[in-house]
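Chemist: No letters, just coordinates:
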Ligand code: SF4
């Protein structure tokens, strides 16, 4: 799956980085970023799915399987 953060939507709640710290981090402004190498994950990676669901403003877009 391909992950994309919609920065204009992100409110810096940090739920993604808390839920899946190996995939998401927060930049200096507190906005979410996908860590290098984090764009593609197996769809068996339930933490990523959970992080996507945990985002209060649905700022994490997921493309592909
Ligand atoms: S959980 Fe959503 S709003 Fe919070 S930092 Fe992550 S992408 Fe941004």
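Modeler: Structure received. Because the structure is a prediction, the values reported are computed rather than measured.
Chemist: Enumerate the residues of this structure near the ligand.
Modeler: Contacts of the chain with the ligand, taken as CB under 6 Å from any ligand atom, map to 5, 10-16, 32, 55, 57, 59-60. C-beta coordinates here come from the backbone N, C-alpha and C atoms, glycine included.
Chemist: Mark which of the residues you listed are part of strands, please.
Modeler: Of the residues of the chain next to the ligand, the ones assigned to strands by DSSP state E are 5, 32, 60.
Chemist: ok, so of those, who is nearest the ligand?
Modeler: Distances from the ligand to those, taken as CB to the nearest ligand atom, are shortest for residue 32 (3.6 Å).
Chemist: Could you report the pLDDT at that closest one?
Modeler: pLDDT recorded at residue 32 is 97.
Chemist: Show the contacting residues for it.
Modeler: When contacts are counted by CB atoms under 8 Å, 6 or more residues apart in numbering, residue 32 touches 5, 7, 10, 12, 14, 16-17, 24-26, 55, 59-60.
Chemist: which of those tops the neighbour count?
Modeler: Using other CB atoms under 10 Å as the neighbour criterion, residue 16 leads these with 27 neighbours.
Chemist: Around residue 23, how many other residues sit close by?
Modeler: Close neighbours of residue 23, defined as other CB under 10 Å, add up to 20.
Chemist: about what we covered before: which ones among the contacts of residue 32 are found in helices?
Modeler: Taking DSSP state H, the ones among the contacts of residue 32 that sit in helices are 16-17.
Chemist: Stretch 39-56: end-to-end distance?
Modeler: Using CA to CA, to the nearest Å, one end of stretch 39-56 lies 20 Å from the other.
Chemist: pLDDT averaged over it - what is it?
Modeler: If you average the pLDDT over stretch 39-56, you get 80.
Chemist: picking up where we left off before, tell me the one of the ones in strands among the residues of the chain next to the ligand nearest residue 46?
Modeler: residue 60 (14.5 Å; CB to CB).
Chemist: With adjacent residues omitted, what lies nearest to that closest one?
Modeler: residue 52 (4.7 Å; CB to CB, 6 or more residues apart in numbering).
Chemist: So the one you found: helix, strand or coil?
Modeler: On the three-state scheme (DSSP: H, G, I helix; E, B strand; the rest coil), residue 52 is labelled helix.
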